[in-house]
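Trainee: sequence-free structure coming up:
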């Protein structure tokens, strides 16, 4: 692999051939504003936000789609770039339903952030709103076309990555709108509620129903591994006040930023009221709450009794292919080392 | 099957012999111009009337045939009568009655009806018509200043006859490149000719071919852009309808040069006759082995297919066109990579427009030196223009590059009708700009047009007279591009809409101070930031009219006035009481009954009800009604 | 898993998930990834979009079957015959990788001995598939330069499951598709940490890292590491333990995070076993159907409430991190277990999940290079013996876990343990839905998912439906030799005539009341995919 010498804002670095300017900027820690760019998708350069200046080139270049060249000198901010990006934001805001106070995306909305960054305080232009309707038919998320900036990430994720071919672009020009063929609702479409479109939406156009109840600054995120199937998707649990309120995909080896309906939305079991909160002991045929001490004593006493009466091999343990490696290891260690039997198995087969 | 150059020559000789025979054994040949323009003007009825009249008169030794458009649209329907041994006569404005009369007088009587002939009295004032003589076509001003390369066969041959195309040296160039030239030599020849893309970009055709040629061997494609979308431009349609084989041959030569074995013609579905004739030409060429495998006995293989577009303007943009051929939504893609490197299905692809391909065979046949001798310094050859708007000779004219606008408008175009003052000319359609009267003597070529802030484009030339409102004109073009924006990038999608909204307000008299500055700022930014050529040129009509006619914009915004009297919100019809003779005709013609008065009191227009149709002004016998 | 351990030496997915995107031929057998492994399914579709050709062997018209070049719609329980038929074509048409077979495998003659009888015509007859399709699939698979095979429970959950797996291995070896990028034999694990549970020694005969209990040296190592004497008695599998409970030999069972009352076949038998126990402990996050039978129930934390690791289907060890506190007095599983060990007088040796991983690394060569510190930086795939080892994305490169050569282990077609007869004339297969996960202990607690798909149903072909007078959405009684349930009919072409399909998620009309107790003799995996049933319109369906 050939290495190329490039300079970004005066900082020299070496990049592999085939690296885009945007990727090179990431390596140097220079942040470039992007809207349509999405890792794992071919760049389409349609949002026009990520432009930079390449010394010697006549026009500004979209950094997401321009490859580094040997000796390339890149400037990521100057008056021209600032004005260009500002213009793009003005255009997007001119055709955007601005209701940031009630929008669930406030705090993480890219358009909002860039408008602040580029000093667009008050829209100078306004395009008349079209009579599009919100689609709240999906069980997990809502769609408001008036907040869509047509970055098309959702359409591309649905068609090129999820390959479900639910979302498409309808209409042309200013009437272009993300939707479904024949203007169906989500509920009537072939949508499988994977939620990947929602995860990549940079504004509040596609938002989970639960996101109405939290703001970006109120939550923490914890990277973890999905507990459903064996693909092992990486994801972030979004937590507000000790409660999981959402899930966002992470860029794991096996999922590369995608999740399915279960990983994305089936987290409500975590704080379900039916969760077991105390040990239970069967008394007079009925399971009654008990303290840990009582319960553990009961377990140990009974197991020791049976071990004494019938030997350790009269006891068996079934571990779980749902829980962690550490739990499984501890379980098999308990069975073999404490109880003294090799009767340990898991539900791998069932 | 034509397998060798010798086969082609023999085929051609047989065709020539057939035509000679035809001429020798017939009394006359009649050709009716049956392009879309001719048919729209009634050429089918004319054709039927001629046949019917011949039958009635039991005349059997006359050949009646169709040809493509000869370009003189203002005179459609056109019929040419060719009596052996005498000057060809081109009749204009033929209708079925005239047609029957022509059969009677010219065919049967042997005497041309000179006062209807375009190359006779047909274009003269009434009092001069009767005396006029039939002259050679080249004496007719409309034809005299033209040099026809791309249109060489249009209106001359039967477009549905491969034979007639070969009689005009058709497929000789293909035979020549396949048997005598390497692909590199072909590209060198095209480069040397100086041919530049006729679709609008004006990029060197040979250089473009070279890019694709230099890509590693493998699947490559050649595509003809026949998605003619500029309002008022129809040169591509005329070529496809009048000489489809010239495009097939040009594409085959291009395919050989770059190493493609498959080509597509992307044509608007709104051009059914072009599609039909092109498909016919392709099947004829296949039948004769001029397409398919082992063309002219070589290893060269080339297959051609027509793909129909749904008429989206943006599909004229090459990457959007490719997306459409691939079956995707017709939207442009980011360049680079350019199609010459990564085009159709990611393979190297060359896209040229119809007129460019029509120039190829003559360049090969007559040499790059010949082609280079025509035109100006950096713009070689000719360009076909579609003359439209306020001009007498509406039609297609192929002129050498470097001809002045004045020559085109006054010599070929016959000037502005009704003696109106010329105000400006729009070139390049909705992507172009306007040229005001002070630049009438600028030689037309790529570089000069660029200097004036406009482009050659595909050759639309719309003439504006004094009664054209430049603000409204710009609004018209922007309305078109805004509607045709694909919606992919924000500058074009939103920007053109914002600009159009502002222009709409301005022509409605709701313009505000600062609007013009905003328009300029928006226009500049949209041009810079848009993804594809559509957005990058969409503001041109506005920016260019603002450049030359800024005072008109200012009048609209500041004074709420439209000097051309076009923007209906900015003027009123007014009956001058002193001049009103109280005849009441105006009140009778008013469709909304908003004019009142009687024998005693002058008539008055109720401005609240007036819809500004202008019927009253037109009807007033005393010129008592004015716009103000 | 046992199957691959025999033929290749390691019972795990040979390659990595992400490689599928670059495949050129993909063979999917007994796996419905767009529902059971959705993110895998999307990547197969990405590959297909890129130009990969897809072969699907499945009794049902699963979604990916519609995108396949060849769909082999075989009768459930005939995988081996199909694979043998494909191998017959590959061998007789000279499509095998001779060099690979000669240099890197053994047992080819034995393979041919059996496969030679399985002409595509014979295989086709057994499988109910057009022989031409078998040939086409064989040729396509053999033509692939990057040709991975993915399989799942549709192969393993048969009484001949292990032989089925070995037949897949045979096919891959025959074409030289093991030990190279983008190919391989790839079981898609049924659950998130099946791989990890087995890796960690939660199987009777092995300690962590598949170290044999029967090996005295290994036993000595663990004995020393843990500071206790260890039993050399062979352990029992869960199925055997259940049988022991019925007979009375097994007196106590400790169940952690499992719900055999819903997940195991032949529910009536399971219930009988559990009720017969002297003492039952269930440790779980909900009061499951199984917990309801327990003497003691211990509340555990779920994945969002604890530290730990899962090992995914491609052997990648990835962190699980605590995001929230567990509810009430719930405790982490390992902490409960450690406390019990202490009360048994055994020092557990760890005080955190991290410390457990350190112990695993110390006692398990294939995990030797794994620690929480490292997992912060990279998520490696085992085997990863040392801290400077990069992990192993592809197994068996150059040399097999088993040794220099992989083993062909052929098998003839083995009819399912229970086949349709006059009394139970139809064949029932079970499986998963996109919106649920096993026993819906977790998914069932999401009302939206239950609204989308919340009740049991059975898929039946229109011809069969007509025969039994069943309407779309009507109630239907389904009975096997073991029990009877009532459910809702979904009349669909997705299943062929004579075959029924039921998701096993739902407690109303629970499919496992019907399924058979037949198990694979090697892996002891139950035969969920085939049992004989009869259907009738339910009387409640007016």
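Mentor: Arrived safely, thanks for sending. Since the model is a prediction, treat every value here as computed from it, not as a measurement. Numbering: from 1, shown residues only, chains lettered A, B, ... in the order given.
Trainee: residue in the stretch 1-150 of chain C nearest to chain B?
Mentor: Closest residue of the stretch 1-150 of chain C to chain B, Cβ to the nearest Cβ: residue C:51 (10.8 Å). Using the backbone N, CA and C atoms, a C-beta is placed for each residue, glycine as well.
Trainee: state the distance from that residue to residue B:303.
Mentor: Residue C:51 sits 22 Å away from residue B:303, going by Cβ to Cβ, to the nearest Å.
Trainee: neighbour count winner among these two?
Mentor: Under the criterion of other Cβ atoms under 10 Å in any protein chain shown, the comparison of residue C:51 against residue B:303 puts residue B:303 first, with 15 against 8.
Trainee: tally of neighbours for the residue in the stretch 351-500 of chain B positioned nearest to chain C?
Mentor: The minimum distance from the stretch 351-500 of chain B to chain C, using Cβ to the nearest Cβ, falls at residue B:488 (21.2 Å). By other Cβ under 10 Å, 31 other residues sit near residue B:488.
Trainee: same question for residue B:514.
Mentor: Applying other Cβ under 10 Å, we find 10 other residues in the vicinity of residue B:514.
Trainee: got it, and residue C:486?
Mentor: By other Cβ under 10 Å, 17 other residues sit near residue C:486.
Trainee: A strand includes it, no?
Mentor: Yes - Residue C:486: assigned to a strand according to DSSP: H, G, I helix; E, B strand; the rest coil.
Trainee: give me phi/psi at residue C:311?
Mentor: Dihedral pair for residue C:311: phi -110, psi 120, per degrees, to the nearest 10.
Trainee: for chain A, give me the ranges with low pLDDT.
Mentor: Along chain A, the parts satisfying pLDDT under 70 run over A:348-350.
Trainee: return the residues of it in contact with chain B.
Mentor: With Cβ under 8 Å from any Cβ of the partner chain as the criterion, chain A comes near chain B at residues A:43-48, A:51, A:59-60, A:62, A:65, A:83-84, A:87-88, A:91-92, A:94-95, A:124-125, A:127-128, A:149-150, A:152, A:168-169, A:171-176.
Trainee: how close does residue B:628 get to residue B:471?
Mentor: Distance, residue B:628 to residue B:471, by Cβ to Cβ: 18 Å.
Trainee: more neighbours, the two?
Mentor: Taking other Cβ under 10 Å, residue B:628 and residue B:471 do not tie; residue B:471 has more neighbours (26 against 9).
Trainee: the more buried one against residue B:503, yeah?
Mentor: Yes - using Cβ atoms under 8 Å, residue B:471 is in contact with residue B:503, at 6.9 Å.
Trainee: and the residue in the stretch 101-250 of chain A that chain B sits nearest to, how many neighbours?
Mentor: Residue nearest to chain B within the stretch 101-250 of chain A (Cβ to the nearest Cβ): residue A:176, separated by 2.9 Å. Using other Cβ under 10 Å, residue A:176 has 20 neighbouring residues.
Trainee: show me what contacts it?
Mentor: A:150, A:169-170, B:486-488, B:493 (Cβ atoms under 8 Å, 6 or more residues apart in numbering or on different chains).
Trainee: residue of chain B with the smallest distance to chain A?
Mentor: Counting by Cβ to the nearest Cβ, chain B gets nearest chain A through residue B:487, at 2.9 Å.
Trainee: that residue: how many residues sit nearby?
Mentor: So residue B:487, with other Cβ under 10 Å, has 23 neighbours.
Trainee: ok, and the closest non-adjacent residue to it?
Mentor: Of all residues not flanking residue B:487 in the chain, residue A:176 sits nearest, at 2.9 Å (Cβ to Cβ, 6 or more residues apart in numbering or on different chains).
Trainee: residue ranges in chain C under the pLDDT threshold?
Mentor: The model of chain C has pLDDT under 70 over residues C:1-2, C:524, C:540-542.
Trainee: relative to chain C, how far out is residue B:587?
Mentor: 70 Å (Cβ to the nearest Cβ, to the nearest Å).
Trainee: quick one, domains of the chain?
Mentor: With no chain named, the answer covers chain A. Domain assignment for chain A by automatic domain parsing gives A:3-77, A:97-213, A:219-272, A:280-349.
Trainee: ah, I was thinking of chain C
Mentor: C:2-188, C:194-377, C:426-537.
Trainee: could you dump those into JSON lines with distance to residue B:45 added?
Mentor: Listed next are the domains of chain C as JSON lines, based on distance: least, Cβ to Cβ, whole Å:
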{"stretch": "domain C:2-188", "distance to residue B:45": "54"}
{"stretch": "domain C:194-377", "distance to residue B:45": "75"}
{"stretch": "domain C:426-537", "distance to residue B:45": "57"}
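Trainee: which one of the ones you listed lies nearest to chain A?
Mentor: Proximity to chain A (Cβ to the nearest Cβ) singles out domain C:194-377 among the domains of chain C, at 2.5 Å.
Trainee: can you give me the strands for the stretch 301-450 of chain C?
Mentor: Using DSSP state E, counting those that start in this stretch, the strands of the stretch 301-450 of chain C run over C:308-311, C:317-320, C:406-407, C:426-431.
Trainee: that'll do, ta.
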